[in-house]
Structures are given as C-alpha cells and as structure tokens.
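Asks: Sequence plus the predicted model coming up.
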Amino acid sequence: MADTTLHTIPAEVSSQLASDVRNTRLLKIRWLYHFLYWLLYYSMTIALYSGLHEPIKAGTFATTAIMVAIQAGFFCINTYFLIPRLLFTRKYGWYALALTLLLMICPFVVTSFQFLYGHWADPVRMKTIKWFSMGNWIVEVIICIYAIGLATGVKFAKDTLINQHLQKEREKHYLETELKFLRAQIQPHFFFNTLNNIYSLTLKKSDQAPEIVLKLSDLMSYMLYESTAPLVPLAKEIDYLRNYLDVEQLRFGSRLTISFTIEGDTSCVQIPPMILILFLENSFKHGVKNNISDILLTIRLKVEADYLFFHVENPAPEEEKIADSRGIGLKNVRRRLDLLYGHRHTLDIREENHLFIVTLKMPLC
C-alpha cells in the first residue's frame, strides 16, 4: 500500500519523501525495538515476581525467560500474520477465531516448555508438580492476553506515530509543490498585463515608455531572482509594490491619484512574495482600466503585533461584478492564502458604495 501511494506523488516530492523515510529509519529497526521492549517486559516481570516471592528463586529467571520468549513469538504471529491477512482484510470472524485459538494455545506451550526445563534443572522437585491444572491454565491465559495485548498496543502506537509523521511530510511537500506552481502562474499573468501597458504607450509614442521599461526591469529582477524564496522581507515587497504603482501612475497620468500609507515597523517582517501585488493588479484591471473619470486608489498597509493588515479601495464600474472569476489572480491568491495559513487569515472582498474593497489580515509567522 505504501509503495502505491508514493508512485502517485510527483518526482521531486517522491525524492524528498524518500529522504524523510530514511530520516525515520530508527523507527523501522524492527528487531531492535522488539528486543528492547521484551527485555523491558522481562525485567518488569522479574521485578513483579521478586515482590511476590521473597527471596526469588534462581530458576525463576530461566522460566520467566521461556515464558517471555514464547509470548513474543505468539505476538509476532498475531501482528505479522493474523492482523495483516485477516483483520486488515476485514475477515473479522476468522480473526476473532484465530486470536482465540492463539490465546488458548499459548498457555499450553508456555507451561510445557517450563515443565521440560524444570525436569532438566530439578527433576526431583518436578516429580511433585503437575504439568497441567485448570487454575494454572486460566492464570496463563490471562497473562498471555495481557502480554500480547500490551505489545500489540505498543506496536500500533508506534506505527501510528510513523504514519502521522509521513502524512505530515506528504502534506508539507504537496503544499510546497502547489505553492511553487501557483507562484509560477503569477509571473506570465503579470508580464502580460505590463507588456500591454507598454505597448499602449509605444503606440502613442509616449516619452514615458522608456521610464516604464526601466521600472519593468526592476520588477522583473525582483520576480526572477528574489521572489523565489518562501519568504521575503516586507520592505522589498513594498518597494516592488511602489515600482508597480509608479508604472501604472505613468500610464494613467494625472487622472489617477494613489494614496499609499504604511503603519508599523516593517523592517524585520517577512511575508510570502507576490501576494499583495495581486490585489493591486485586480484593482487596475477592474476598477481603473475602463474608468474614464478621475480615479482615487487607496492602499493601506499596517503591521500590528503578529499580523499584517492590507486594505485596498478602488472605484467599481457598474458593468463589473465582484464575483467576476475570469482571471486567475484572485483565485490564485485565495488558494495560496489557504495553503499557507488555513483559517488563521481573513480575506474580505466586497462592493460598497460603488467601491471595490479588499481587506486582508494574515499572520506574520
């Protein structure tokens, strides 16, 4: 089952998962854990006998070792044969029957080997001891149930920890892979929009075109070389936003007024790259591009405690609807935020008083 799961994972994720599995190899050294567990169980049994029998007899060490070794053998039969072939295949009736027979047979085997050892070690004393009695058999059944049940519970607990660790690693690498894919979508999306801006200015033979090209060069440098990290300094992300706004300001001229305010200490803050820009792109695409009147774009960024607050307001043309889902921008940013922060962030996008309003609150850790 584990091999089938790994085959469905992308190659780069499979490689990383293989490394994670190697890092947990100590949890898979089966013989070592069995040895340590049964050694501890043996020591505790001896300690129990020493508390019940003062002083403890020399033969108790050997007879207890025989009992523990046989119980360990029956535990392995249950764990590596009955459970995989019967319990995990939903043959519950057959498993219950097989386990019952196992628990009935185990006391006979333990008693027989202990009796044989007793005859070899002290044949005179063993002549006065019965090989089998109902009382002894019931006691041994209870002891076997306890021993096998306890060991099986410990094994299931260990397997659960291993599976939880591997599942977390799978989820982690799936998220990393999807985030890389989503972030890669942003770049052609943004370049397409910006090149359209430059094209429109070159058609007009605008003197602003060279300056926009320089700004675009800075934007491309950031996107290609600095935004590939999982986190970037907020100060650099703000510079990136300012460059983008400068490009748009040059494009729309005096009819566009941009109010960009920043509050709080941004010097030591890091955030995932290329998230905030998408809200600005969406503002220009839906609220500015087709608006022929004077436009006010309001942007507020605030760092407070462990959260970053980002607020954008732009005009909402009557023909545009906030539910417009044709572009990948908002879908992309919603997906990225969900992957990164789950329920720890809030994103509210609404239309109010002929304005599109975006309010984002996301954690800084």
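Replies: Done, it's in.
Asks: rest of the way, CA atoms for contacts and neighbours
Replies: OK.
Asks: State the mean pLDDT of stretch 219-229.
Replies: Averaged across stretch 219-229, pLDDT comes to 77.
Asks: Then stretch 314-333?
Replies: Across stretch 314-333, the per-residue pLDDT values average to 62.
Asks: Repeat that for stretch 279-290.
Replies: 76.
Asks: just stretch 241-253 next, same as before
Replies: 83.
Asks: elements contacting the helix or strand harbouring residue 336?
Replies: Applying DSSP states H and E as the criterion places residue 336 in helix 329-341. Counting contacts by 3 or more CA pairs under 8 Å, 6 or more residues apart in numbering; DSSP states H and E, helix 329-341 packs against helix 134-203, helix 276-283.
Asks: buried set for that helix?
Replies: By neighbour count with 16 or more other CA atoms under 10 Å, helix 329-341 contains the buried residues 329-330, 332-333, 336-337, 339-340.
Asks: what does stretch 222-240 give?
Replies: For stretch 222-240, by 16+ other CA under 10 Å, it's 222-223, 226-228, 232-238, 240.
Asks: Pull the contacting residues for residue 153.
Replies: Neighbour list for residue 153: empty [criterion: CA atoms under 8 Å, 6 or more residues apart in numbering].
Asks: Would you work out how far apart the start and end of stretch 270-284 are?
Replies: 26 Å (CA to CA, to the nearest Å).
Asks: Going forward, the N-terminal residue is numbered 17.
Replies: Renumbered: residue one is now 17, and that last one reads stretch 286-300.
Asks: Show me the contact partners of that stretch.
Replies: With CA under 8 Å, 6+ apart, stretch 286-300 has contacts from 199, 202, 206, 243-250, 253, 257, 326, 328-330, 345-346, 349, 372, 374, 380.
Asks: Of the buried residues of stretch 238-256, which belong to strands?
Replies: 248-249 (DSSP state E).
Asks: Would you format the buried residues of stretch 238-256 as JSON lines with distance to residue 368 included?
Replies: Converted to JSON lines, the buried residues of stretch 238-256 look like this (distance: CA to CA, whole Å):
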{"residue": "238", "distance to residue 368": "34"}
{"residue": "239", "distance to residue 368": "33"}
{"residue": "242", "distance to residue 368": "36"}
{"residue": "243", "distance to residue 368": "33"}
{"residue": "244", "distance to residue 368": "36"}
{"residue": "248", "distance to residue 368": "33"}
{"residue": "249", "distance to residue 368": "33"}
{"residue": "250", "distance to residue 368": "29"}
{"residue": "251", "distance to residue 368": "31"}
{"residue": "252", "distance to residue 368": "32"}
{"residue": "253", "distance to residue 368": "28"}
{"residue": "254", "distance to residue 368": "27"}
{"residue": "256", "distance to residue 368": "28"}
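Asks: how far does the helix or strand hosting residue 79 sit from the chain's center?
Replies: In this assignment (DSSP H and E), residue 79 forms part of helix 74-93. Here helix 74-93 is found 42 Å from its chain centre; the criterion is CA atoms, centre = their mean, to the nearest Å.
Asks: just stretch 300-317 next, same as before
Replies: 39 Å.
Asks: How far does it stretch from one end to the other?
Replies: Counting by CA to CA, you get 18 Å between the two ends of stretch 300-317.
Asks: What residues of it count as buried?
Replies: In stretch 300-317, counting by 16+ other CA under 10 Å, buried: 300, 302-304, 311-315, 317.
Asks: same deal with stretch 172-190?
Replies: 178, 182, 185-186, 189-190.
Asks: Export these as CSV, with columns for distance to residue 365 and pLDDT.
Replies: Listed next are the buried residues of stretch 172-190 as CSV, based on distance: CA to CA, whole Å; pLDDT from 0 to 100:
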residue, distance to residue 365, pLDDT
178, 41, 79
182, 37, 78
185, 33, 76
186, 32, 75
189, 30, 71
190, 28, 70
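Asks: Domains of the protein: list them as residue ranges, please.
Replies: The chain resolves into domains spanning 18-187, 222-379 when parsed by automatic domain parsing.
Asks: And these, which one averages the lowest pLDDT?
Replies: Across these, domain 18-187 gives the lowest mean pLDDT, at a mean of 70.
Asks: Test my guess that residue 273 contacts residue 313.
Replies: Yes: at 6.2 Å, residue 273 and residue 313 qualify as touching, with contact defined as CA atoms under 8 Å.
Asks: Check whether residue 326 sits in a helix, strand or coil.
Replies: On the three-state scheme (DSSP: H, G, I helix; E, B strand; the rest coil), residue 326 is labelled strand.
Asks: Report the contact partners of it.
Replies: Applying CA under 8 Å, 6+ apart, the residues contacting residue 326 are 292, 315-318, 374-377.
Asks: Same list (these) but as a markdown table, adding secondary structure.
Replies: Putting the contacts of residue 326 into a markdown table (three-state DSSP) gives the following:
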| residue | secondary structure |
| --- | --- |
| 292 | helix |
| 315 | strand |
| 316 | strand |
| 317 | strand |
| 318 | strand |
| 374 | strand |
| 375 | strand |
| 376 | strand |
| 377 | strand |
